[in-house]
Structure formats: structure tokens, C-alpha cells
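Engineer: need coordinates for the following:
(one chain, ligands or ions: 1)
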Amino acid sequence: MTPAPYAASDKTSRGRRYQETAPAHRGEYQRDRDRIIHCAAFRRLEYKTQVFVNHEGDLFRTRLTHSIEVAQIGRSIARALGLNEDLTEAIALAHDLGHTPFGHSGQEALNQCMRDHGGFEHNLQSLRVVDVLEERYAEFPGLNLTYETREGILKHCSLKKAAELGELGRRFLEKKQPGLEAQLVNLADEIAYNNHDVDDGLRSGLLNIDQLCNVALFLEQYMKVGQAYPHLAPRRRIYETIRRMINRVVTDVIETSRRLLTESGVQHIDEVRDHPRQLITYSEEIRRKINDLKNFLKNNLYTHEKVSQMSSEAVKIIHELFAVFMQAPHLLPAQYQDKIRDSGAGGMARGGALEGSAPGKARIIGDYIAGMTDRYAIREHARLCQARETA
Ligand code: MG
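Structural biologist: Below you'll find the model as predicted:
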């Protein structure tokens, strides 16, 4: 399919922060995607989780498989709408790079630890990973990704942080939109986790079919599958239902967005950015149903007693690790100790979540903890904190 005029393209790109010669055999966004796949933070996604801790079972989603599902859903929609598939894929594969171990509870715990040091926010951290923390190239810090990929990674941010971010933060202050590929990955992320959390929730036994039959999106497809295949084994009926749920929502996004794009008359990515509303979206009906599903998952899965037990353990681990390293930075790996030394005077003064301000000790420790996988954090905690408790 020929790209639509409002899709991102190498020609209209706002470019990279450090100028580079154009790639010979790839597009600019292909290069972004390739750099993301080769970075260390991407490999760590394999051992980080969103809801279930990594060692709970081999069948649950990890942040890596989640990101691949987001890329798959994103590319399907991008292709149908004539958007840039490479950019969509690059944003999808990078969107979770800044996540801490242990999902949302890990992020909240680290945010609490960093409260007096500029706070911790995973979107901002994903940007920090690709802009600063990945040190792999001779000629520039970070991965030097294009503006459009970075715009997609920074899906939201506080106005205070936006003001510190320069060009990339301006859209939050001016209330403008990101490009269509960024809007799309945002939805693909939501579609992926809502559906795979139903699947993982059922497999774990924390959710059951009777409960899910209160959710319209699930019930509609579950009944249709039951009518069409009355003798299907229960697990296959669930898989077939979830497959159809994803298809239902993806089809809705494609049809709704196609209509909005035509009605809006946008012809260029800059017109997309200036448009008063997002053009990649669900219909009202599907949005309502998705909200019901999200509420259901919140009330029945994310706050399930078993998940909460794991979460409070995770919170304890993050808090204790942070306290240990703040008190005894010599326990950090050598390169982090060097960073603290380079930041001067123990780097106590400044938070430095963003580039341009020197990172302080707390920020460097925050970076180290955020980069940990679930199992690494558990091991480090056992080694550094539990040994002390029993000493
Ligand atoms: Mg995600």
C-alpha cells in the first residue's frame, strides 16, 4: 500500500538530535527499530513483567512478548491505514523500555523513593534509556533516534517535566497531538494488554469464565464461538474468543480512524499535530466497552489478593534496595559508582530526570534499579538486604 500523505516519512522527519548520514539500505525508522532491538534494555524486557512476576510460570506474558504483541497489532492497523509501519514498530518495541521490575507496583515504589529527587515516571525513563542510558555508539550518547520515535515513546508527561524537555515537550504545553503512528501505538498497547490479561488471568485461575461473562466485549464473542463450535474444548474456546475480541477492536479502530481521517482533510503530519483531536481512535461504543473491560480487570485481577501480595513484596524490595544503595553507594556496580563520582560532591543536589541537568546520586541509583529485571532485583535484594537482616 502506498503511504498516506499524513503518514510519517523520512522526507518530513524532524530528524535526529545528532546529525548522521542517511542509511544506505534502510529507511530512518527501520534504523530506529534496529537500534532498539540491539540495545540491552530491550533484552531485559524478557525478564520484566506487568502483572505476574517472571518466575510464576513460563506461559505468562513478559514485557518482551507484550511489546511484540503491541508491534503486531500496531503494524496491522498501520498497514490498513497507510501509516508508517516501521515507525509504528519502532515505537511499539521501545514503549516499555523504561519500566522498572515488578510492573506498576515497582514503578510506584520507585516513584516514592525518588519523591524528593525529581520523581520517577516510566515514560520519561523510556526516553532517558534511548536518549542517554544506552551507551553503544561512538559518535553520540544514547541511540540517537528520530524525533518521531521519541515523540511516540513519550506518550504523556507532566507540564513541569514538559517545560524542561524543549522541543519534544512542547506539544504537552501547547496541547497538540503527536503523529498518527504515536497515537496508534497508544491504542495498540491498550488492546494488547486488555486482551492478554484476560488470557493470563484465566490461565492463572485468578479470573473465571462466569465473572468474565459480565463483560460485554468478552460475552459477545464467547457466545458466538459457543454457537458456532458447540463441542470445542474449553481452552480453545477461550483462545478463539480472545482472538475475536482483538479482531473486533482492531477492525473498529481501522474503520473509525479511516472515517475521521477523511473527514478531517489532513494532508500532512504537521496538520495531524495541529488538529484539535486525536484521529486514531475507537468508536464511542467500543470505547465504552473497553472501559468496562479495564474496570473489570482493575477490580478483579490487578487488585486480586494474590497479585496484591506479590505487589507488596515488590514494593518492599524496591524500597529496601534504594535505601541500601543510598546509604552505601560502594555496593553499586563500578560504573554506577563512577557516575556518582563524576556527578560531583556525591551528586546530592539535583534530581536530573532529564538530559541537561547533571544526574544526582538518587537518579543514578534510580536508573540502576529501574534497569533491573524481576529476578535480578530479587537476587540483589536477597544478597544485600536479607543478609543484613540476619547478620
Ligand atoms: Mg505497554
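Engineer: just give the number of residues close to Leu187.
Structural biologist: Counted with other Cβ atoms under 10 Å, residues neighbouring Leu187 total 22. C-beta: built from backbone N, CA, C; applies to glycine.
Engineer: tell me which element it is part of?
Structural biologist: For Leu187, the host element (DSSP states H and E) is helix 180-204.
Engineer: next to the ion, which bits of the stretch 101-250 of the chain? Give me the list.
Structural biologist: Within the stretch 101-250 of the chain, the positions adjacent to the ion are Asp189 by Cβ under 5 Å from the ion.
Engineer: quick one: pLDDT of the residue nearest to the spatial centre of the chain?
Structural biologist: Centrality entry for the chain: nearest residue to the mean C-alpha point is Asp96, 2.8 Å, by Cα atoms, centre = their mean. As predicted, Asp96 sits at a pLDDT of 96.
Engineer: give me the pLDDT value at whichever residue of the chain sits closest to the ion.
Structural biologist: Closest approach between the chain and the ion, counting by Cβ to the ion: Asp189, at 4.2 Å. At Asp189, the model reports a pLDDT of 97.
Engineer: low-scoring stretches of the stretch 201-350 of the chain, by residue?
Structural biologist: Residues of the stretch 201-350 of the chain meeting the criterion pLDDT under 70: 345-350.
Engineer: recalculate using a threshold of 80.
Structural biologist: 344-350 (pLDDT under 80).
Engineer: which stretches of it form helices?
Structural biologist: 209-212, 216-228, 234-264, 269-274, 284-297, 305-327, 334-343 (DSSP state H, counting those that start in this stretch).
Engineer: His304 and Phe296, how far apart?
Structural biologist: 12 Å (Cβ to Cβ, to the nearest Å).
Engineer: if you could redo that for Ala163, that was the one I meant.
Structural biologist: On the measure of Cβ to Cβ, Ala163 and Phe296 end up 37 Å apart.
Engineer: same question for Glu135.
Structural biologist: The spacing between Glu135 and Phe296, counted by Cβ to Cβ, is 43 Å.
Engineer: which one of the two is surrounded by more residues?
Structural biologist: Taking other Cβ under 10 Å, Glu135 and Phe296 do not tie; Phe296 has more neighbours (22 against 12).
Engineer: what is the burial count for the nearest residue to that one once chain neighbours are set aside?
Structural biologist: Setting aside the residues directly before and after it, Phe296 is nearest to Val215 in space (Cβ to Cβ, 6 or more residues apart in numbering), at 5.0 Å. Look at Val215: counted by other Cβ under 10 Å, it has 20 neighbours.
Engineer: wait, what's in contact with Val215?
Structural biologist: With contact set as Cβ atoms under 8 Å, 6 or more residues apart in numbering, Val215 has these partners: Asp292, Leu293, Phe296.
Engineer: try 10 Å this time
Structural biologist: With contact taken as Cβ atoms under 10 Å, 6 or more residues apart in numbering, Val215 is in contact with Val198, Tyr222, Met245, Lys289, Asp292, Leu293, Lys294, Asn295, Phe296, Leu297, Asn300.
Engineer: check contacts around His25.
Structural biologist: Residues in contact with His25 (Cβ under 10 Å, 6+ apart) are Arg31.
Engineer: tell me the spacing between it and Leu145.
Structural biologist: His25 sits 19 Å away from Leu145, going by Cβ to Cβ.
Engineer: ditto for Ser264
Structural biologist: Going from Ser264 to Leu145 by Cβ to Cβ gives 28 Å.
Engineer: those two: who's more crowded?
Structural biologist: More neighbours surround Leu145 than the other of Ser264 and Leu145, with 26 against 15 (other Cβ under 10 Å).
Engineer: so where's the stretch 1-150 of the chain uncertain?
Structural biologist: Short version for the stretch 1-150 of the chain, where the test is pLDDT under 80: 1, 50-60.
Engineer: which residues of it fall in helices?
Structural biologist: Using DSSP H, counting those that start in this stretch, the helices of the stretch 1-150 of the chain run over residues 28-37, 40-44, 63-81, 85-94, 103-113, 122-128, 147-153.
Engineer: most tightly packed of these?
Structural biologist: With neighbours defined by mean count of other Cβ atoms under 10 Å, none of those is more surrounded on average than helix 85-94, at a mean of 29.
Engineer: packing partners for it?
Structural biologist: helix 28-37, helix 40-44, helix 63-81, helix 147-153, helix 180-204 (3 or more Cβ pairs under 10 Å, 6 or more residues apart in numbering; DSSP states H and E).
Engineer: just the residues contacting the shortest one, thanks.
Structural biologist: In other words, helix 40-44. Applying Cβ under 10 Å, 6+ apart, the contact partners of helix 40-44 are 35-37, 48, 62-64, 67, 93-94, 96-99, 101, 125-126, 129-130, 133-136, 143, 370-374, 376.
Engineer: contacts only, for Asp189.
Structural biologist: Contacts of Asp189 by Cβ under 10 Å, 6+ apart are His66, Ser67, Glu69, Val70, Ile73, Gly74, Ile91, Ala92, His95, Asp96, Lys155.
Engineer: in those residues, find the pair that's most separated.
Structural biologist: The largest separation in the contacts of Asp189, counting by Cβ to Cβ, is between Glu69 and Lys155 at 17.1 Å.
Engineer: skipping adjacent residues, who's closest to Glu255 in space?
Structural biologist: Spatial nearest neighbour of Glu255, chain neighbours left out: Ser283 (7.7 Å); criterion: Cβ to Cβ, 6+ apart.
Engineer: which residues sit in contact with the one you found?
Structural biologist: Ser283 touches Val249, Asp252, Val253, Glu255, Thr256, Ser257, Arg259, Lys289, counting by Cβ under 10 Å, 6+ apart.
Engineer: make CSV out of those residues and add distance to Pro333 and neighbour count.
Structural biologist: Formatted as CSV, these follow (distance: Cβ to Cβ, whole Å; neighbours: other Cβ atoms under 10 Å):
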residue, distance to Pro333, neighbour count
Val249, 43, 24
Asp252, 47, 19
Val253, 43, 23
Glu255, 51, 14
Thr256, 49, 19
Ser257, 46, 24
Arg259, 53, 12
Lys289, 47, 21
